[in-house]
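Okay, sequence plus prediction incoming.
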Amino acid sequence: MLDFRDVTAIAGVGYTPFTKDSGASTLTLACRAVLAALEDAGLTADDVDGLATHRVGDSAPPALVGPALGLTDLAWHLDQFGGGSVSHAVVGQAALAVAAGMAETVVCYRAINARSEFRMGGTGRGVPASPEVQYQAPYGYVAPPQQYAMYARAHMLKYGTKAEHFGQLAVTQRANAAKNPRALMRTPITMDDYLASRWIAEPFRLLDCCLETDGACAVVVTTAERARSLRRPPVLISAAAWGGGTSHLSGPAADPTVTAAAALAPRLYAQAGLGPAEIDVAELYDCFTYSVIVQLEDYGFCAKGEGGPYVASGATALDGPLPVNTHGGFLSEGYVHGVNHIAEAVSQLRGDAGDRQVPGAEVALSTAQPGYILPATSALILRRS
Amino acid sequence: MPYRPEPDRDSREWWQRIATREFVVQRCDTCGTTRFPARAFCPACRTEAWHWQEVEPEGRVESWIVNHQAFMPGAREPYVVVMVRLAAVPGCLVYGNWDGERPPEAGERVRASYNRIDDTLTLVNWAPAAG
Ligand SMILES: [Zn+2]
């Protein structure tokens, strides 16, 4: 079997500003983020032989970005269908391609005008073309905030999870965002602010929901060996896993309080040769507050049903035993469909996260949407070189 | 109504039967496993032979939301969507609007109520089971 652990690395990260209206096409955003990530790595576009992205009909594929940057002979590319479920799989597949020698320098990017053009949860967008939606959409049940709210209430009913647990997570992540110059929302919030925010879909309030954002983010994947000769400290890809299969819509679904991450986590940890106790910082896909709580359980940081009390204990704060979403996450930094979680993990492991730096962070977990809507998930374990 | 369902080749007959208030699921001819939604293959034994089986339109409430935001044009807010575990198909969750005078309760028994939209379309809502 291919020796994968720590064979590849992330050598650079790049961002565009996060805004409510970028005023630019997704193609332009993608190019800007790709070039920024290359600049960070100390590389140029001429070094690139692979491009990868994920999208749901809302962005520019490698077939557009490559020619736009004059890359007319790519050795490898990937245009992955999917939203946040596959954000980390894209990087994992790029790492596999590099480890296998198919390509040497792959830039993975996600460009999205999620606020000004393609709102996930908003009105005016067509119903997704999956045959399953015929059993939900006629009832006005179609948007991710509704679906996650449904699963969140199931968790509340089964385990006694409280609104204040969700609220504590939102408050904690906003405190992190206050230390992140890139974050869209930096004004601290209190529990009272959380509880007073308007209902979206009970049990979710406005502050349970992520910020739909315009922006792009990219990471450069290359061999660990080559990364050591580049500008920035390399961050090793110790494990990459993706998979799933259980739908929580109308298909076979034993328990809506358990996500695909519960099955994926043991494979991921085994690849890296470590367990949750060794994770210093976790960037967990936070499309909604509840998605973090269920992942804390399914990735083994606390017992099933204990995610709420775990957050309420302060465990996920910057000075807690498991700092979570140190950048503020989708809830406060902005929503770039998973890739900004990976980039923040890289920043933490390089030690360049500024005021929000977790001292001595050596191992990070970064995760994708845990598998509620598209029945798949993906995750990475990254390590300081 | 915010969205009219577009039946596919697997589901068309299910919607036709629901329009006559016949609540059916599929039952595998090979292994007997029941399933929903309508699909050609049995996920348990991967064979194609099956028949419709009429079942009691009953289940238990596993969760619900009270929707306050206009995610789709034409929906009136607030409204309740309930997630029901179908008694006839273990492991299957189905959805519908709540047809009750009071809010749902966790785990309560519910029964389908039929919301006739027109000659060809009826939607399944959920109401507290009698008794
Ligand atoms: Zn069968």
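That came through fine.

Domain-wise, how is chain B divided?
Residue ranges for the domains of chain B, per the TED database: B:8-55, B:57-130.

Give me the mean pLDDT for the last one.
Pointing back at domain B:57-130 there. Domain B:57-130 shows a mean pLDDT of 93.

cool, and stretch A:296-315?
98.

Downstream of the helix or strand harbouring B:Gln16, the next helix or strand is which one?
Using DSSP states H and E, B:Gln16 falls within helix B:12-19. Once the chain leaves helix B:12-19, the next helix or strand it forms, by DSSP H and E, is strand B:24-28.

And that next one, what does it pack against?
helix B:12-19, strand B:34-35, strand B:50-54 (3 or more CB pairs under 8 Å, 6 or more residues apart in numbering or on different chains; DSSP states H and E). For every residue, glycine as well, the C-beta is placed using N, CA and C.

For A:Ser291, which of those is the nearest?
Each of the helices and strands packed on strand B:24-28 has some distance to A:Ser291 by CB to CB; the shortest is strand B:34-35, at 28.0 Å.

For the closest one, what is the distance to the chain centroid?
Averaging C-alpha positions (CA atoms, centre = their mean, to the nearest Å) puts strand B:34-35 13 Å from its chain's average.

residue contacts, residue 21?
Using chain A here. Taking CB atoms under 8 Å, 6 or more residues apart in numbering or on different chains, we find A:Asp21 in contact with A:Asn113, A:Arg115, A:Ser116, A:Asp214.

wrong one, I was asking about chain B
B:Tyr114, B:Thr122.

Recalculate using a threshold of 10 Å.
B:Pro57, B:Ala112, B:Tyr114, B:Arg116, B:Thr122, B:Val124 (CB atoms under 10 Å, 6 or more residues apart in numbering or on different chains).

so how far is chain A from it?
Per CB to the nearest CB, to the nearest Å, B:Arg21 is found 17 Å from chain A.

Distance from stretch A:231-251 to the middle of the chain?
9 Å.

How about that stretch, which residues are buried there?
Buried residues in stretch A:231-251, counted by 16 or more other CB atoms under 10 Å in any protein chain shown: A:232-244, A:246-251.

ditto for stretch A:293-309
For stretch A:293-309, by 16+ other CB under 10 Å, it's A:293-302, A:304, A:306-309.

what's the most buried one of the domains of chain B?
Among these, domain B:57-130 has the highest mean neighbour count (mean count of other CB atoms under 10 Å in any protein chain shown), at a mean of 18.

A:Ala379: neighbouring residues, count only.
Neighbour count for A:Ala379, taken as other CB atoms under 10 Å in any protein chain shown: 31.

And the helix or strand containing it, what does it pack against?
Using DSSP H and E, A:Ala379 sits within strand A:376-384. Where contact means 3 or more CB pairs under 10 Å, 6 or more residues apart in numbering or on different chains; DSSP states H and E, strand A:376-384 is packed against strand A:8-15, helix A:87-99, strand A:235-244, helix A:261-272, strand A:281-283, helix A:289-298, helix A:339-350, strand A:363-367.

got a pLDDT number for A:Pro252?
64.

again, but for A:Gly124
Predicted confidence (pLDDT) for A:Gly124: 50.

Parallel or antiparallel, which strands does the strand holding A:Ala379 pair with?
strand A:235-244 (antiparallel), strand A:363-367 (antiparallel) (DSSP bridges).

Now distance to A:Ala30 and mean pLDDT too, for the ones you listed, in TSV please.
Shown next, in TSV, are the strands paired with strand A:376-384 (distance: least, CB to CB, whole Å; pLDDT from 0 to 100):
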stretch	distance to A:Ala30	mean pLDDT
strand A:235-244	22	96
strand A:363-367	20	98
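
ok, and which of the contacts of B:Arg21 reach chain A?
B:Val124 (CB under 10 Å from any CB of the partner chain).

circling back to that earlier point, could you redo the strands paired with strand A:376-384 as TSV and give each row distance to the ion?
As requested, the strands paired with strand A:376-384 are exported to TSV (distance: least, CB to the ion, whole Å):
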stretch	distance to the ion
strand A:235-244	22
strand A:363-367	34
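
and of the ones you listed, who's closest to A:Ala177?
Shortest distance between A:Ala177 and those, using CB to CB, is found for strand A:363-367: 17.1 Å.

For the spatially most central residue of chain B, list each beta-bridge partner.
The residue lying closest to the centre of chain B (CA atoms, centre = their mean) is B:Val94, at 4.8 Å. Here B:Val94 sits in beta bridges with B:Val84, as judged by DSSP bridges.

Next, A:Tyr299: phi, psi?
phi -90, psi 10 (degrees, to the nearest 10).

correct me, but it touches A:Ile293?
No - assessed by CB atoms under 10 Å, A:Tyr299 is found out of contact with A:Ile293, at 11.3 Å.

Overlap in contacts, these two.
A:Leu284.

Mind checking what secondary structure the residue of chain A most remote from its centre has?
What lies farthest from the middle of chain A is A:Pro138; by CA atoms, centre = their mean that is 30.2 Å. Here A:Pro138 is recorded as helix under DSSP: H, G, I helix; E, B strand; the rest coil.

One more: A:Val358?
Assignment for A:Val358 (three-state DSSP): coil.

what's the neighbour count on it?
19.

what's it in contact with, if anything?
A:Val358 neighbours (CB under 10 Å, 6+ apart): A:Asp280, A:Val281, A:Leu318, A:Asp319, A:Gly320, A:Leu322, A:Pro323, A:Thr326, A:Gln348, A:Leu349, A:Gly351, A:Ala364.

what's the answer for A:Ala89, then?
By CB under 10 Å, 6+ apart, the neighbours of A:Ala89 are A:52, A:54, A:78, A:80, A:82, A:240-244, A:338, A:368, A:376-380.

and if you look at B:Gly96?
A:135-136, A:138-139, A:141, B:59, B:80-84, B:110, B:112-113, B:115, B:123-127.

pretty sure it is in a strand, no?
Yes - B:Gly96: assigned to a strand according to three-state DSSP.

if we can go back for a sec, could you check the angle the strand holding A:Ala379 makes with helix A:87-99?
Here the directions of strand A:376-384 and helix A:87-99 differ by 60 degrees (axes from the mean of the first three to the mean of the last three CA atoms, to 10 degrees).

how many degrees apart are strand A:376-384 and strand A:8-15 in direction?
Using the same axes, to 10 degrees: strand A:376-384 against strand A:8-15 is 100 degrees.

for strand A:376-384, what is the average pLDDT?
For strand A:376-384, the per-residue pLDDT averages 97.

Convert the C-alpha atoms of that strand to CSV, please.
Extracted in CSV, the C-alpha atoms of strand A:376-384 (Å, rounded to 0.1, in the frame of the first residue of the first chain):
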residue,chain,number,x,y,z
ALA,A,376,-20.5,11.8,3.0
THR,A,377,-17.8,13.6,4.9
SER,A,378,-14.1,14.1,4.8
ALA,A,379,-11.3,15.2,7.2
LEU,A,380,-7.6,15.9,7.5
ILE,A,381,-5.0,15.5,10.3
LEU,A,382,-2.2,18.0,9.8
ARG,A,383,1.1,18.1,11.7
ARG,A,384,3.8,20.6,12.2
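
and that strand, how far from the chain's centre?
10 Å.

ok, now stretch A:72-89?
15 Å.

same deal with stretch A:214-232?
17 Å.

CA atoms only for that stretch, dumped as PDB, please.
Listed in PDB are the C-alpha atoms of stretch A:214-232, where the atom choice follows Å, rounded to 0.1, in the frame of the first residue of the first chain:
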ATOM      1  CA  ASP A 214     -18.200  36.000  -0.800                       C
ATOM      2  CA  GLY A 215     -14.600  34.900  -1.000                       C
ATOM      3  CA  ALA A 216     -12.000  32.400  -1.900                       C
ATOM      4  CA  CYS A 217      -9.400  30.400  -0.200                       C
ATOM      5  CA  ALA A 218      -6.600  28.100  -1.600                       C
ATOM      6  CA  VAL A 219      -3.900  25.800  -0.300                       C
ATOM      7  CA  VAL A 220      -0.800  24.400  -2.100                       C
ATOM      8  CA  VAL A 221      -0.200  20.700  -1.800                       C
ATOM      9  CA  THR A 222       3.200  19.300  -2.700                       C
ATOM     10  CA  THR A 223       5.700  16.700  -1.400                       C
ATOM     11  CA  ALA A 224       6.900  17.100   2.100                       C
ATOM     12  CA  GLU A 225      10.500  17.000   0.800                       C
ATOM     13  CA  ARG A 226       9.900  19.800  -1.600                       C
ATOM     14  CA  ALA A 227       7.900  21.800   0.900                       C
ATOM     15  CA  ARG A 228      10.900  21.900   3.200                       C
ATOM     16  CA  SER A 229      12.800  23.900   0.600                       C
ATOM     17  CA  LEU A 230      10.100  26.500   0.200                       C
ATOM     18  CA  ARG A 231       9.400  29.800   1.900                       C
ATOM     19  CA  ARG A 232       7.100  28.700   4.800                       C
END
